[in-house]
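# The sequence and its predicted three-dimensional model are supplied below.
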Amino acid sequence: MTKGQKIRILLGKPGLDGHDRGIKVVARALRDAGIEVIYTGLHQTPEMIASAAIQEDVDAVGLSVLSGAHNHLFLKVIELLKKEGADDIAIFGGGIIPEKDITMLKAAGVGEIFLPGDSTERIIEWVRDNIHPR
């Protein structure tokens with residue numbers, strides 16, 4: 001990363017899940033670590049998240065899904081970004097996600113999945129090691 005370039009991350013809550021405390025904690029921790037964060041808020045569609053990611057020219061999208069719809073929602077965002085030629089935007093996320101689904105999501109292109117109990121320090125470290133300004 002060249003001096004002055006910050007990592008830009010869009011955080012989104014796709015679907016009908018109304019629990020956003022965790023993503024707000026992550027957003028604050030990333031900001032405190034010097035990473036630029038755009039939080040789209042609750043009840044976003046995959047289309048809204050992909051569109052915002054492209055418009056904001058972000059380096060990565062972090063998704064939080066606690067509703068159980070993670071397979072559909074993560075894959076739809078990846079599909080939409082690819083369709084728009086923005087498949088260089090990295091995807092990571094978190095939620096209550098079974099191990100077998102984590103394996104499938106990573107194989108589909110999700111960089112990392114964080115689970116309840118993972119520390120914000122681990123998330124920050126992963127972002128710094130794996131996300132770079134585009």
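Received the coordinates, thanks. Residues are numbered from 1 along each chain as shown.
# This structure: helices as residue ranges?
For the chain, the helices defined by DSSP state H occupy 21-32, 46-55, 70-83, 99-107, 120-130.
# I'd like to know which of the ones you listed is closest to L10.
Comparing these against L10 with CB to CB, the closest turns out to be helix 46-55 (4.9 Å). Just so you know, the C-beta spots here come from the backbone N, C-alpha and C atoms, and that holds for glycine as well.
# Would you mind listing the outside residues contacting that closest one?
Counting by CB atoms under 8 Å, 6 or more residues apart in numbering, helix 46-55 makes contact with 10, 12, 14, 38, 40, 44, 61, 63, 73, 76-77, 80-81, 84, 86, 89, all of which sit outside it.
# In PyMOL, how would I select the buried members of these?
Buried subset of the contacts of helix 46-55, written as a PyMOL selection, criterion 16 or more other CB atoms under 10 Å:
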select buried, resi 10+12+14+38+40+44+61+63+73+76+77+80+81+86+89
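# Of the contacts of helix 46-55, which is the nearest to I123?
Ranking those by separation from I123, with CB to CB as the measure, puts L63 on top at 12.9 Å.
# how about the nearest residue to the closest one, chain neighbours excluded?
Leaving aside its sequence neighbours, L63 sits nearest to G93 (CB to CB, 6 or more residues apart in numbering; 3.7 Å).
# ok, the one you found - contacts?
62-65, 70, 74, 110, 112-114.
# and which of the residues you listed is nearest I102?
Comparing the contacts of G93 against I102 with CB to CB places I113 closest, at 4.8 Å.
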